[in-house]
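A.B. asks: I would like to see how this sequence folds:
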Amino acid sequence: MKTLRGIILDVDGTLIDSNHAHAESWVRALGEYGIVTTYAEVREKIGMGGDNLLPAVSDIEEDSEKGKKISRRRAEIFQIEYLPYLKPFKKTRQLIQFFQQEGVKMVVASSSSKEDLQGLLKMAHVDDLLPQRTSKDDVEVSKPAPDIIQAALKKLQIPASNTVMLGDTPYDIIAAQKAGVETIALTCGGWSAKDLSGAVAIYRDPEDFLWHLEKNGRPEISGDSKHR
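C.D. replies: Model prediction:
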């Protein structure tokens, strides 16, 4: 077993209750451009970046002219109509403070854009605690590709074997595995424990995870996550 020295943090559905807002924003933006899709179809893709989500639900590439228009409209809808009303999960700030006090280095790794990410961290009341960040804008391909996780590891300057990913979707787990990082998953983002079975541990939400940390101390990790 190896000591945990670094943690890579997802944001949407992990620190803040925002997955539903992202899904609704995509459905509305797509609808305005004549593309009919369901909330359920889009919701199961949340956790991917728009570069993967948009072609998955519409066969439109994000970097195409139409794709760029849809993405811009989605951002407008999300930032104006949803973001100001989002709430962090219980004990989110206290969880981040726990890792700070333990001397664990942290970096955010999100499939959101930099602009969305800045607002999300502010609404989660942790923007002042998490200056180290990576987003879909820093890489060519978002989750479930490992690029964002690999970029986060470079910022941490800690071996993957001493690092864990904290996320809420199967895409977090897949991306982390490809980068050689184990995942601790939370079900508060809407995925079931069965969906998150690739994680080394599963908790309900930040509050539940923090309770276990305060009871048992900093977790140890096997450090042998396989590249897949």
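A.B. asks: got the contact list for A175?
C.D. replies: With CB atoms under 8 Å, 6 or more residues apart in numbering as the criterion, the residues that contact A175 are 143-146, 148-149, 165. All C-beta spots, glycine's among them, are computed from the backbone N, C-alpha and C.
A.B. asks: Next: Y171.
C.D. replies: Contacts of Y171 by CB under 8 Å, 6+ apart are 47-48, 111, 143-144.
A.B. asks: Out of the contacts of A175, flag the one nearest to D10.
C.D. replies: When these are ranked by distance to D10 (CB to CB), M165 comes first, at 7.2 Å.
A.B. asks: So what sits opposite that closest one in the bridge?
C.D. replies: I8, T183 (DSSP bridges).
A.B. asks: P144 versus that one, what's the distance?
C.D. replies: Counting by CB to CB, to the nearest Å, the gap from M165 to P144 is 12 Å.
A.B. asks: So between the two, which is more surrounded?
C.D. replies: The neighbour comparison of M165 against P144 (other CB atoms under 10 Å) goes to M165, with 27 against 22.
A.B. asks: and the more buried one, what does it touch?
C.D. replies: 7-8, 10, 109, 149, 172-173, 175-176, 181-184.
A.B. asks: farthest pair in the contacts of A175?
C.D. replies: Largest pairwise distance in the contacts of A175, by CB to CB, is 13.9 Å, between A145 and M165.
A.B. asks: Can you tell me the closest non-neighbouring residue to I184?
C.D. replies: Nearest residue to I184, sequence neighbours excluded (CB to CB, 6 or more residues apart in numbering): A201, at 4.8 Å.
A.B. asks: SS state for the residue lying farthest from the centre of the chain?
C.D. replies: Going by CA atoms, centre = their mean, the residue of the chain most distant from its centre is G34, 28.8 Å out. Assigned state for G34: coil (three-state reduction, DSSP: H, G, I helix; E, B strand; the rest coil).
A.B. asks: Number the residues from 59 up from this point.
C.D. replies: Got it, the first residue is 59 from now on, which makes the last one we talked about G92.
A.B. asks: Could I get the phi/psi values of it?
C.D. replies: phi 80, psi 20 (degrees, to the nearest 10).
A.B. asks: Return the distance of it relative to D121.
C.D. replies: From G92 to D121 the distance is 20 Å (CB to CB).
A.B. asks: pLDDT below threshold where in this protein?
C.D. replies: Applying pLDDT under 70 to the chain flags residues 59-60, 278-286.
A.B. asks: do that again at 80, thanks
C.D. replies: The model of the chain has pLDDT under 80 over residues 59-60, 275-286.
A.B. asks: for the protein, what spans make up the strands?
C.D. replies: Along the chain, counting by DSSP state E, strands occupy 60-61, 64-67, 163-167, 191-192, 221-225, 240-244, 259-261, 278-279.
A.B. asks: Let me know the angle separating the third one from strand 221-225.
C.D. replies: Going back to what we said before, that points to strand 163-167. 40 degrees (axes from the mean of the first three to the mean of the last three CA atoms, to 10 degrees).
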